[in-house]
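Asker: 3D, please:
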Amino acid sequence: MPQETKPKKSFFNFDISIGGTGLAEKALLAKYLAVMQQSGLTITESLDIIEETARGRMKKIITVINKSVASGNSLADSFGRFPKVFSGIFISAVFAGENSGTLAENLQHLSDQLQKEKELSSKIKGAMLYPIVVLIAAFILGMGMSFIILPKIIPLFEGLKTELPFTTRALISFSHFVANNTIGLVVGIILGVIALLAILKAKFSRPVTNWLLLKIPVVKGISVNTNLARFSRTLGTLLKSGLNIDEALEITSQTVSNYYYQKAFREIGERVSKGSRLAASLDDYKKLFPKMVTRMVMVGEQSGNLEGTLIYLAEFYEVEVDNATKNLSTAIEPILLLLIGLVVGFLALSIITPIYNITGNIHR
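Answerer: Numbers count the residues shown, from 1 in each chain. Alright, predicted model coming up:
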């Protein structure tokens, strides 16, 4: 078995083993490279240390990058060999740092940005977990009722020589439909879920799904604030790393997730490249950018501290996302309870009402 590199861990006083290629792992990679650069190590020495302690896919990637740098390529070009792993902001920040002599600072800014992005993604996923789990549980219980419990109860009702209420007759019809089309229903549900997921991921559906995310009251706040936080954090980090506004806006358009924000940033980038002010360009998209954003950007441009203003905006909207995700479960819970209550109430009426009628006739 391979031996652990104890001396290197004690030298930097932390565990630098990296395995995956997610946001957290890339943030650690940037952080450790920054620390090693500040410690006076060369790029190749830093990559040697990380290569020895990395694991899994990241180890293979670092090995290729290390060989590329050792053969004379720049660090940015070496990272650029893995465009599916390292985003435009990662490569551009490294490129700007190498050319300006501020690589350690840029790597630190990059690490902070990636860590904030990881926290943002975790908050959104955590907020969506509760409603998804409840809906899946309700779906499984519904299928269990349809395929297992109802077929055993329905014959009892069919044998009753009494007028059945509408809800019970509807339940009997539904049970017969399920019994006669069990295989078709199971296959249809599976294919339907697969088709729905494929459609949601397809590019042609993005204008519709992203428009809904900006309009549905429950998720609108999270969607808007998330995109504004990513825009502010990414653009501020790139400007702080030394990129010009044109390059920074082009990369920013690739980091936001919403179709309409991406389209807006591409158009804004074209205007800015022709001499327009960023604040004035943002102001033409009032539905996407609140007045506070445009005014803060205007102040940043006039004061010459645009990157600092953008970082402040990013922190503000990250707090807004945090608050919105905490309130999401509270907002969705009554809706879920109402839907489940309607289903349970329908089943209770369908099953209890005929039994109550029979017991009433017996007493008479």
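Asker: can you tell me how far residue 305 is from residue 338?
Answerer: According to CB to CB, to the nearest Å, residue 305 and residue 338 sit 49 Å apart. No exception for glycine: its C-beta is placed from N, CA and C like everyone else's.
Asker: settle it for me: which of these two has more neighbours?
Answerer: Neighbour count, other CB atoms under 10 Å: between residue 305 and residue 338, residue 305 has more, with 14 against 10.
Asker: need the phi and psi values for the more buried one.
Answerer: Phi and psi for residue 305, reported as degrees, to the nearest 10, are phi -130, psi 50.
Asker: which stretches of the stretch 151-300 of the chain have low pLDDT?
Answerer: Along the stretch 151-300 of the chain, the model assigns pLDDT under 70 to residues 158, 160-162.
Asker: averaged pLDDT, whichever helix or strand residue 131 is part of. What do you get?
Answerer: Under the criterion of DSSP states H and E, residue 131 resides in helix 103-144. Helix 103-144 shows a mean pLDDT of 81 in the predicted model.
Asker: identify the residues contacting whichever helix or strand comes after it?
Answerer: Using DSSP H and E, the helix or strand that follows helix 103-144 towards the C-terminus is helix 150-158. With CB atoms under 8 Å, 6 or more residues apart in numbering as the test, helix 150-158 has contacts from 164, 168, 171-172, 174-176, 178-179, 351, 354.
Asker: please redo it, this time with the cut-off set to 10 Å
Answerer: 144-145, 164, 168-169, 171-176, 178-179, 182, 347, 350-351, 354-355 (CB atoms under 10 Å, 6 or more residues apart in numbering).
Asker: give me the angle between that helix and helix 103-144.
Answerer: Here the directions of helix 150-158 and helix 103-144 differ by 30 degrees (axes from the mean of the first three to the mean of the last three CA atoms, to 10 degrees).
Asker: next SSE downstream of helix 150-158?
Answerer: Following helix 150-158 in sequence order, the next helix or strand is helix 166-180 (DSSP H and E).
Asker: flag every buried residue along that next one.
Answerer: For helix 166-180, burial by neighbour count (16 or more other CB atoms under 10 Å) applies to 167-168, 171-172, 175, 178.
Asker: out of these, the closest to residue 40 would be?
Answerer: Closest approach to residue 40 among the buried residues of helix 166-180 (CB to CB): residue 178, at 71.4 Å.
Asker: could you find the closest non-adjacent residue to the closest one?
Answerer: Distances taken as CB to CB, 6 or more residues apart in numbering place residue 146 nearest to residue 178, at 4.8 Å, with adjacent residues excluded.
Asker: so the one you found makes contact with residue 174?
Answerer: Yes: at 7.5 Å, residue 146 and residue 174 qualify as touching, with contact defined as CB atoms under 10 Å.
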